[in-house]
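Trainee: Sharing a model that was predicted from the sequence below.
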Amino acid sequence: MSLANVFNIAGSGMSAQTTRLNTTASNIANAETVSSSMDQTYRARHPVFATVMQGQGNSGGGSLFQDQGEAGQGVQVSGIIEDASNLEARYEPNHPSADKDGYVYYPNVNVVEEMADMISASRSFQTNAELMNTAKTMMQKVLTLGQ
């Protein structure tokens, strides 16, 4: 692997973490939305990452468990899934969105977990940015070796 590949790998990591930050922000924004039915209630969303293997490019869904001798060439978002955990039904008969039995349904978003996920994604993004800066500095030092 050449030093030039570092930029592609770190860039794909930054792109994946941006998607993670966006889905987390969406989850937090919808944490207190209510609905009168389970079918219409917002469900938490989470991105699914996959390793991009050498020679694979950006197509298909690679896996870490594919040929163990191969080096990863980055990461890609293979999809965004909805959390299948139970929604919270609260008895609030005076709520304008209550169903005929007096229940309103709240999303399955845990704000504390989402904030921890947001901090983790932010730090991962920052690490990839620092990696790119370090690689750039190393390449600049190589150019000054002959002086």
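Mentor: On my side now, so go ahead.

Trainee: tell me the centre residue of this protein?
Mentor: The centre of the chain sits closest to residue 20, judged by C-alpha atoms, centre = their mean, with a distance of 2.2 Å.

Trainee: Show me the longest helix that occurs in the protein.
Mentor: helix 111-143 (DSSP state H).

Trainee: Packing partners of that helix?
Mentor: helix 5-29 (3 or more C-beta pairs under 8 Å, 6 or more residues apart in numbering; DSSP states H and E). Where C-beta positions appear, they are placed from N, C-alpha and C, glycine not excepted.

Trainee: Can you list the low-confidence ranges for the chain?
Mentor: Residue ranges of the chain with pLDDT under 70: 1, 55-70.

Trainee: Repeat the analysis, applying 80 as the threshold.
Mentor: Across the chain, the ranges flagged by pLDDT under 80 are 1-4, 54-72, 146-147.

Trainee: Report the contact partners of the closest residue to residue 83 other than its chain neighbours.
Mentor: Distances taken as C-beta to C-beta, 6 or more residues apart in numbering place residue 44 nearest to residue 83, at 4.0 Å, with adjacent residues excluded. Counting by C-beta atoms under 8 Å, 6 or more residues apart in numbering, residue 44 touches 27, 82-83, 85, 107-110, 114.
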